[in-house]
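Novice: let me see the structure of the following:
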Amino acid sequence: MTAHRRWSANTAVVGLGVTAMGKIYGRTCADFAAEAIGLALDDAGLQKSDIDGLLLNGNGNLDMDPRLQFSLGFENLSIMNSMRAFGSTVGSMVQYASLALEAGLVNYVVLVYGDTPLKPAVGAGAAYAARGVWDGMNVLKAVYGEFGGNVPYALAARRHMELYGTTSEQLGGIAVAQREWAQMNPYAQMQKPMTLEDHQASRMVADPFHLFDCCLVSNGAVAVVMTTAERAKDLRQPPIHLKAATQAAPGDNQISGRDPGIVTGAQQAGEQAFALAGITRDDVDILELYDCYTYTVLVTLEDYGFCEKGEGGAFVADGKLGPGGSLPTNTGGGQLSGYYMWGFTPLSEAIMQARGQAGERQVAKNDIVLASGNGGVLNFHSTTIWSKHAD
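Specialist: Here you go, the predicted model:
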């Protein structure tokens with residue numbers, strides 16, 4: 001693997017805006033995005049006129065295209081783009097924003113994602129399946145029932161089970177731990193307590209995934225503001241410093257000779273991020289992992305090296321991911337029980353925890369927080385590492 005220098009960009013998050021999440025109808029994507037940006041600017045103590053960079057997460061929703069700048073009212077921007085790397089996009093956005101800030105191309109950059117997939121009388125699964133491309137070779141997948149993300153991720157989980165003896169109950173332990181965190185998060189959609197028995201009794205969506213193995217679908221938006229560490233000193237919130245931002249795109253994991261669903265881009269992105277930040281995984285206090293499914297959390301833990309390949313099920317079985325555990329993970333409930341804003345869900349919670357502003361769910365030791373992004377069917381990955389300390 002290529003050697004990497006220490007991360008040298010001195011940049012930080014200084015503003016965070018999170019709208020209400022869930023079954024909120026009658027509002028446009030632009031409306032949600034504008035609200036989140038307004039909240040983030042107020043959080044940072046900045047004006048719209050201060051912003052000279054805008055990065056949009058262009059996944060799924062056609063409204064998140066460059067023309068959204070017009071609706072939002074930003075003018076004279078130095079960088080502007082709508083970026084798309086599926087669930088790993090947010091890490092790419094952070095990386096590009098940081099590099100542009102360090103290069104002196106911009107002073108303040110807004111990163112935003114908004115979405116409105118939920119409609120009255122439309123199921124959550126159907127909301128995203130309708131966005132799929134069902135032509136060409138994809139028609140063959142549709143003929144055999146592969147619509148949306150449930151089936152390919154379920155196949156990956158089943159393969160892990162067959163290879164290593166991973167169980168549904170072990171996956172359920174991840175869901176239960178995250179529901180415990182969600183009950184302390186006022187932004188979370190799922191506040192009802194859940195036991196492992198509840199998980200096992202929930203309906204089967206795509207074997208081996210029960211309903212509670214699958215993420216939520218949400219209407220809402222999240223925005224963050226980034227700037228240089230020097231400018232951040234004079235703003236309203238304590239700056240959260242970026243220690244590393246990496247991407248990994250290993251390629252098609254379904255072709256002969258690859259290990260589909262078992263080894264992911266988290267391995268490459270994680271190793272590079274730890275090296276750039278000058279830390280080891282033992283230095284990480286809090287993990288905010290992309291969790292479109294419970295299995296995604298398990299395989300990411302393995303590929304980041306927190307346990308050996310195949311040992312993820314046993315690793316999570318003792319409850320270490322939940323409140324009071326030794327490895328606090330997805331402390332806002334994640335996308336399984338909190339809200340689903342693609343990679344902005346783990347990023348937003350990472351910022352709150354690193355600031356010490358997570359309220360009842362705040363983890364006492366919060367010096368180093370890692371947030372991940374995952375895209376495709378475990379094809380793309382991003383890793384960001386954050387700290388409340390400048391050095």
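
Novice: where does the nearest residue to Gly220 once chain neighbours are set aside fall, phi/psi-wise?
Specialist: The spatial neighbour of Gly220 that comes closest, neighbours along the chain excluded (CB to CB, 6 or more residues apart in numbering), is Met21 at 4.0 Å. The way it works is simple: take the backbone N, C-alpha and C, and place the C-beta from them, glycine included. Reported as degrees, to the nearest 10, the phi and psi values for Met21 are phi -120, psi 150.

Novice: so who does Met21 touch?
Specialist: With contacts defined as CB atoms under 8 Å, 6 or more residues apart in numbering, Met21 is in contact with 187-189, 218-220, 338-339, 341.

Novice: the same query, at a cut-off of 10 Å, please.
Specialist: Residues in contact with Met21 (CB atoms under 10 Å, 6 or more residues apart in numbering) are 32, 187-189, 216, 218-222, 338-341, 345.

Novice: which of the helices or strands spans Ala221?
Specialist: Assigned by DSSP states H and E, Ala221 belongs to strand 220-228.

Novice: any idea how far that strand is from the middle of the chain?
Specialist: Centre-to-centre, strand 220-228 and its host chain are 14 Å apart (CA atoms, centre = their mean, to the nearest Å).

Novice: likewise for stretch 340-357?
Specialist: On CA atoms, centre = their mean, the centre of stretch 340-357 falls 8 Å from that of its chain.

Novice: which positions within it qualify as buried?
Specialist: 340-355 (16 or more other CB atoms under 10 Å).

Novice: which residues of the stretch 51-200 of the chain fall in strands?
Specialist: For the stretch 51-200 of the chain, the strands defined by DSSP state E, counting those that start in this stretch cover 53-57, 79-83, 108-115.

Novice: name the strands paired with the last one and say parallel or antiparallel.
Specialist: Think strand 108-115. Strands flanking strand 108-115 in the sheet, each with its direction: strand 53-57 (parallel), strand 220-228 (antiparallel) (DSSP bridges).

Novice: pLDDT weak spots in the stretch 51-200 of the chain?
Specialist: Residues of the stretch 51-200 of the chain meeting the criterion pLDDT under 70: 123-135, 137-148.

Novice: would you map the helices across the chain?
Specialist: In the chain, the helices defined using DSSP state H lie at 29-44, 68-72, 89-102, 124-129, 138-143, 150-164, 168-182, 196-201, 229-232, 266-277, 294-303, 312-316, 344-355.

Novice: distance to Val14 added to those helices, as JSON lines?
Specialist: Shown next, in JSON lines, are these (distance: least, CB to CB, whole Å):
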{"stretch": "helix 29-44", "distance to Val14": "5"}
{"stretch": "helix 68-72", "distance to Val14": "19"}
{"stretch": "helix 89-102", "distance to Val14": "11"}
{"stretch": "helix 124-129", "distance to Val14": "32"}
{"stretch": "helix 138-143", "distance to Val14": "42"}
{"stretch": "helix 150-164", "distance to Val14": "35"}
{"stretch": "helix 168-182", "distance to Val14": "25"}
{"stretch": "helix 196-201", "distance to Val14": "39"}
{"stretch": "helix 229-232", "distance to Val14": "5"}
{"stretch": "helix 266-277", "distance to Val14": "20"}
{"stretch": "helix 294-303", "distance to Val14": "28"}
{"stretch": "helix 312-316", "distance to Val14": "34"}
{"stretch": "helix 344-355", "distance to Val14": "10"}
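
Novice: to Asp259, which of these lies closest?
Specialist: For Asp259, the closest of the helices of the chain is helix 150-164, at 9.0 Å, according to CB to CB.

Novice: could you check the angle helix 168-182 makes with that closest one?
Specialist: Angle, helix 150-164 to helix 168-182, by axes from the mean of the first three to the mean of the last three CA atoms, to 10 degrees: 120 degrees.

Novice: and helix 150-164, what does it pack onto?
Specialist: Judged by 3 or more CB pairs under 10 Å, 6 or more residues apart in numbering; DSSP states H and E, the packing partners of helix 150-164 are helix 124-129, helix 168-182, strand 204-206, strand 209-210, helix 294-303, helix 312-316.

Novice: out of the ones you listed, nearest to Leu235?
Specialist: Between Leu235 and these, the shortest gap by CB to CB is with helix 168-182, which sits at 28.5 Å.

Novice: deepest of the strands of the stretch 51-200 of the chain, which one?
Specialist: Mean neighbour count (mean count of other CB atoms under 10 Å) peaks for strand 108-115 among these, with a mean of 27.

Novice: list the contacts of the closest residue to Arg158 other than its chain neighbours.
Specialist: Nearest in space to Arg158, with sequence neighbours left out and distances taken as CB to CB, 6+ apart, is Pro208 at 5.6 Å. Residues near Pro208 by CB under 10 Å, 6+ apart: 154-155, 157-158, 160-161, 166-168, 171, 294-295.
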